[in-house]
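Peer 1: Below: sequence and its predicted model.
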Amino acid sequence: MRAVISGMALTLILWTVSHAQEQPRTVGVYKDHISADRKKGATVDHTLHHMLYLTGIGDGFRIINKHRLARGESPLYCVPDDTLLGGADYMKILDNALFRTDSSIENHLPVAEAMLIALVAEYPCE
């Protein structure tokens with residue numbers, strides 16, 4: 001049952017992000033927004049919008065990790081126990097992953113998938 005819940009949560013996160021009514025939430029769109037913010041200066045509202053969006057994605061993955069650990073499965077990524085991630089943290093982790101010169105995260109991917117890739121790279125399980 002927990003496997004079904006975790007699978008449904010992951011599917012819902014990725015499906016919701018990729019089928020949004022507004023402009024699709026792809027890596028390319030996200031990078032365009034962030035680049036524009038850097039050039040003209042981001043408003044508090046716009047930055048908060050990004051942080052809230054990324055917090056929702058991050059919280060979804062945190063819940064999936066919690067369910068995986070409860071079932072004795074390996075987590076998707078391993079954040080130290082004394083670390084609590086928030087919107088600014090998620091934004092920094094994603095931006096660091098996307099704007100590296102050697103980034104392999106493609107622009108057509110949903111932001112949620114890119115966030116998972118970034119979290120796995122930032123907090124690998126040993």
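Peer 2: Perfect, thanks for sending it.
Peer 1: Skip the chain neighbours and tell me the closest residue to residue 34.
Peer 2: Computed as C-beta to C-beta, 6 or more residues apart in numbering, the closest residue to residue 34 that is not its neighbour in sequence is residue 95, at 6.4 Å. Where you see a C-beta, it was placed from the backbone N, CA and C, and this is true even at glycine.
Peer 1: The one you found should be in a helix, yeah?
Peer 2: Yes - judged by DSSP: H, G, I helix; E, B strand; the rest coil, residue 95 forms part of a helix.
Peer 1: Count the neighbours of it for me.
Peer 2: Close neighbours of residue 95, defined as other C-beta atoms under 10 Å, add up to 17.
Peer 1: cool, and residue 54?
Peer 2: With other C-beta under 10 Å as criterion, residue 54 counts 26.
Peer 1: check contacts around it.
Peer 2: 87, 90-91, 94, 111, 115 (C-beta atoms under 8 Å, 6 or more residues apart in numbering).
Peer 1: Quickly find the element holding it.
Peer 2: helix 44-70 (DSSP states H and E).
Peer 1: residues of that helix that come out buried?
Peer 2: 50-51, 53-55, 57-58, 60-62, 64-65, 67-68 (16 or more other C-beta atoms under 10 Å).
Peer 1: could you dump these to JSON lines with pLDDT?
Peer 2: Formatted as JSON lines, the buried residues of helix 44-70 follow (pLDDT from 0 to 100):
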{"residue": "50", "pLDDT": "85"}
{"residue": "51", "pLDDT": "89"}
{"residue": "53", "pLDDT": "91"}
{"residue": "54", "pLDDT": "94"}
{"residue": "55", "pLDDT": "94"}
{"residue": "57", "pLDDT": "95"}
{"residue": "58", "pLDDT": "95"}
{"residue": "60", "pLDDT": "95"}
{"residue": "61", "pLDDT": "96"}
{"residue": "62", "pLDDT": "95"}
{"residue": "64", "pLDDT": "96"}
{"residue": "65", "pLDDT": "95"}
{"residue": "67", "pLDDT": "96"}
{"residue": "68", "pLDDT": "96"}
